[in-house]
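**Q** Any chance you could fold what I've pasted below:
(chains A and B)
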Amino acid sequence: MHVTQTEFRAALLDADAPVPSGLLDGAGAPAGRRYAVYRNNVVVSLIEAMKLAFPTVRALLGPNNFDSLVPMYVRLHPPASPLMMHYGVEFPEFLAGFEPLAHLGYLADVARLDLEIRASYHAADALPFDPNTLQATPEVLAQIRLTRAPSTRVLRSRWPLHDLWCRATQPDAPQPRAVGQAVMITRPAFDPAVHLLPTGAATWIDALMTQDVGTAIETATTAAPEFNFATTLTLTLQAQTFCAPQKDPK
Amino acid sequence: MFDQSSPPRRLPNSVGVGYKPQHFNQMREAPGPVEWIEVHAENYMGDGGRPHAQLRALSEDFALSVHGVGLSIGGETPLDRAHLTRLRTLLDRTNPASFSEHLAWSTHGAEFLNDLLPLPYTATTLTRVADHIAQVQDTLGRQMLLENPSSYLAFAESTLSETDFLAALVHKTGCGLLLDVNNVFVSCTNLGLAPHAYIDAYPLEAVHEVHVGGHDEDSDDHGAPLLIDSHGAPVVDPVWALLDYTLARSGPKPVLVEWDTDVPDWPVLRVEAERAASALALLQAS
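**A** Okay, the predicted model is just below:
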């Protein structure tokens, strides 16, 4: 009696599916609940991976609620790669479409934040940016190109994403305000840090990917007239948003 | 048959531990008898950050074993070439003394199931696994070690014993073996076999690393013992005794203590390492 891996797998993530025949205990009897060891290993290991990956979602939802929700997700979305550090990329969409939690509309963005924090943690290393580069006349400064560090991430949300993150990670944090917030993740050494971005800053940082400093200021000011370049520059330098220019891969 | 012009690098015949990031500082300050570490390959396949930095720092003090958990060598489908390439990149970057993987499957179609799943031992699976090992060794340009699994059930279709299956793989591919004596104890208990007889039948001449670790105890539908390979507890006395029995026949080998879940503080793991070191020391004294 040949058991294919398709048959073995089919019953792994479906607790109601019968154990494939052809699997035995040591005495030649049907394997019965011995097969459940594999079922349990798979589901428990994926739940543990989700706990590690989404600490902010878990804190806001409550550990018990998270732990009862996640088995549904892991059965629907098993990993697509042995790189478990990437597991969970469909979780924001899953949360966005999960009707019983529709009243917590911000959860999908919080899940995106957790994904980006983990991506920042594993991002490539880069040489630090030399702030002396900015000791220049306004005309020269405007033409400088800034390189975003590989570990830097920017997220915009129509929810108070930074306040929610504070609420999840700091016991005394106040109630989140009813505003949309943009958040920047940077990794000065090895630990990602989460920053609230002032108005227009996200636009400026994103514009720097294709524009020099001066043009990016124009872009940001057009999108948000209250954009404050001095404040934003100070924040991004302190947070180590940028890295040394990387050589062209020729 | 894999052939390399120079002799393969080997781990020292001393004690290693499965590396856990929470032990980074303490194990460098007070390593005790630990001379080498083993890491799971997939945890170091990011682009940078702390995992890379820690591995670089540890490599100055400890020999390194890279242990894969994601290749799915026992899979029915072809090996994931992208994953093999990632593995090659990692091994080129870290230059470990040893690379090992499991006699198991974990990938099915586009899914990775994050567990070491069992396969039957037949002429068909022998050919398939041997082809996969040959492909791995050719791609990586080095010998690999293959680890025996913890089994919770058997396949009616199996025609070969696990030890004969492993010996045939060594013969066909030139791979080495990683003998996990806890897995031997778990599998033999679960399937009603004698652990000592398993060791007697095992091709010990191909072993270049030995594992010990902890397991949990449960029971099956009939009340028979069912041991679970949890790596979440101290090594039990019968497994230490099986290690002694194995080393007495194999001679000194690199011995690794694994503790992957409910990971204790470093001093607790170091006590386990010291016990493994004692087993090696007494062997050399006798």
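**Q** and the residue nearest the centre of chain A, what does it touch?
**A** With distances taken as CA atoms, centre = their mean, the residue of chain A nearest its centroid is A:L115 (1.4 Å). Applying CB atoms under 8 Å, 6 or more residues apart in numbering or on different chains, we find A:L115 in contact with A:A53, A:G88, A:V89, A:F91, A:P92. Where C-beta positions appear, they are placed from N, C-alpha and C, glycine not excepted.
**Q** With pLDDT and secondary structure as extra columns, can I get those in TSV?
**A** Shown next, in TSV, are those (pLDDT from 0 to 100; DSSP: H, G, I helix; E, B strand; the rest coil):
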residue	pLDDT	secondary structure
A:A53	98	helix
A:G88	98	coil
A:V89	98	coil
A:F91	98	helix
A:P92	98	helix
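**Q** how many other residues sit next to the residue in the stretch 151-286 of chain B that chain A sits nearest to?
**A** Proximity of the stretch 151-286 of chain B to chain A (CB to the nearest CB) peaks at B:G192, 3.3 Å away. Neighbour count of B:G192, defined by other CB atoms under 10 Å in any protein chain shown: 13.
**Q** Also B:S286?
**A** B:S286 has 6 nearby residues by other CB under 10 Å.
**Q** and B:L91, how far is that from chain A?
**A** 15 Å (CB to the nearest CB, to the nearest Å).
**Q** So what touches the strand or helix carrying that residue?
**A** Using DSSP states H and E, the element containing B:L91 is helix B:81-94. Residues outside helix B:81-94 that contact it (CB under 8 Å, 6+ apart) are A:81-83, B:41, B:44-45, B:55, B:59, B:64, B:66, B:68, B:70-71, B:99, B:135-136, B:139-142.
**Q** quick one: contacts for the residue lying farthest from the centre of chain A?
**A** The C-alpha centroid of chain A is most remote from A:A27, which lies 48.5 Å away (CA atoms, centre = their mean). A:A27 sits next to B:G192 when contact means CB under 8 Å, 6+ apart.
**Q** Just give the nearest non-adjacent residue to whatever residue of chain B ends up closest to chain A, would you?
**A** Relative to chain A, the nearest point of chain B is B:G70 (2.6 Å; CB to the nearest CB). Nearest non-adjacent residue to B:G70, counting by CB to CB, 6 or more residues apart in numbering or on different chains: A:P82, 2.6 Å away.
**Q** Tell me where the chain has helices.
**A** In the absence of a named chain, this looks at chain A. Along chain A, counting by DSSP state H, helices occupy A:5-10, A:34-53, A:55-61, A:63-76, A:91-96, A:107-122, A:138-142, A:161-169, A:201-207, A:213-223, A:229-239.
**Q** right idea, wrong chain: chain B
**A** Ranges of helices in chain B, per DSSP H, are B:24-29, B:50-58, B:81-94, B:123-140, B:162-173, B:181-191, B:195-201, B:237-250, B:266-285.
**Q** would TSV of these with mean neighbour count and mean pLDDT be doable?
**A** Formatted as TSV, the helices of chain B follow (neighbours: other CB atoms under 10 Å in any protein chain shown; pLDDT from 0 to 100):
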stretch	mean neighbour count	mean pLDDT
helix B:24-29	14	97
helix B:50-58	16	97
helix B:81-94	16	97
helix B:123-140	18	98
helix B:162-173	19	98
helix B:181-191	24	98
helix B:195-201	17	98
helix B:237-250	17	98
helix B:266-285	17	95
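**Q** For A:V37, which of these is the nearest?
**A** Closest approach to A:V37 among those (CB to CB): helix B:181-191, 9.1 Å.
**Q** Which other helices and strands does that closest one contact?
**A** If contacts are counted by 3 or more CB pairs under 8 Å, 6 or more residues apart in numbering or on different chains; DSSP states H and E, helix B:181-191 sits against helix B:195-201, strand B:207-213, strand B:225-228, helix B:237-250.
**Q** and chain A, what are its domains?
**A** Chain A breaks down by automatic domain parsing into domains covering A:1-122, A:125-250.
**Q** right, and these - which one's nearest B:P225?
**A** domain A:1-122 (10.2 Å).
**Q** Between its first and last residues, how far does the closest one reach?
**A** 45 Å (CA to CA, to the nearest Å).
**Q** next one: that domain to chain centre, how far?
**A** Averaging C-alpha positions (CA atoms, centre = their mean, to the nearest Å) puts domain A:1-122 18 Å from its chain's average.
**Q** ok, A:P82 to A:R167 distance?
**A** 34 Å (CB to CB, to the nearest Å).
**Q** neighbour count winner among these two?
**A** Counted by other CB under 10 Å, A:P82 and A:R167 do not tie: A:P82 has more neighbours, with 25 against 19.
**Q** show me what contacts that one?
**A** B:E42, B:V69, B:G70, B:L71, B:S72, B:D80, B:H83, B:S106, B:T107, B:F112.
**Q** Hmm, A:H77 and the last one touching each other?
**A** I take that to be B:F112. No. Between B:F112 and A:H77 there is no contact under CB atoms under 8 Å: 11.4 Å.
**Q** okay, the two: which has more neighbours?
**A** Taking neighbours as other CB under 10 Å, B:F112 and A:H77 compare with B:F112 leading, 23 against 18.
**Q** mind listing what the more buried one touches?
**A** Going by CB under 8 Å, 6+ apart, B:F112 touches A:P78, A:P79, A:A80, A:S81, A:P82, B:G70, B:S72, B:S106.
**Q** measure the fifth one to A:L76 for me?
**A** Remark: distance between A:P82 and A:L76 (CB to CB) = 19 Å.
**Q** List only those of the contacts of A:L115 flagged as buried.
**A** A:A53, A:G88, A:V89, A:F91, A:P92 (16 or more other CB atoms under 10 Å in any protein chain shown).
**Q** What's the per-residue pLDDT of the closest residue to chain B within chain A here?
**A** Residue nearest to chain B within chain A: A:P82 (2.6 Å; CB to the nearest CB). Note on A:P82: pLDDT of 97.
**Q** go on, the one 4 residues further on?
**A** A:H86 is assigned a pLDDT of 96 by the prediction.
**Q** doesn't A:V140 make contact with A:D212?
**A** No. With contact defined as CB under 8 Å, A:D212 does not reach A:V140; the gap is 10.4 Å.
**Q** Tell me who's in contact with the residue nearest the centre of chain B.
**A** Closest residue to the average C-alpha location of chain B: B:E147 at 4.6 Å, with CA atoms, centre = their mean. Listed by CB under 8 Å, 6+ apart, the contact partners of B:E147 are B:S100, B:E101, B:H102, B:L103, B:L177, B:L178, B:L179, B:D180, B:N183, B:H211.
**Q** from the residues you listed, which is closest to A:T222?
**A** Distances from A:T222 to the contacts of B:E147, taken by CB to CB, are shortest for B:E101, at 55.4 Å.
**Q** neighbours of the closest one, just the number please.
**A** 26.
**Q** can you check A:S68 too?
**A** A:S68: 11 surrounding residues under other CB under 10 Å.
**Q** Just give the number of residues close to B:G223.
**A** B:G223, neighbours per other CB under 10 Å, totals 7.
**Q** Quick check: the gap between A:N132 and A:P245.
**A** For A:N132, the distance to A:P245 - CB to CB - is 14 Å.
**Q** The two: which has the busier surroundings?
**A** A direct count of neighbours by other CB under 10 Å for A:N132 and A:P245 places A:P245 higher, at 15 against 7.
**Q** so the more buried one touches A:R148, yeah?
**A** No. Counting by CB under 8 Å, A:P245 sits too far from A:R148 to count as a contact (11.1 Å).
**Q** For the closest residue in space to A:G88 that isn't next to it in sequence, give me its contacts.
**A** Leaving aside its sequence neighbours, A:G88 sits nearest to A:A53 (CB to CB, 6+ apart; 4.6 Å). A:A53 sits next to A:Y87, A:G88, A:F91, A:D114, A:L115, A:R118 when contact means CB under 8 Å, 6+ apart.
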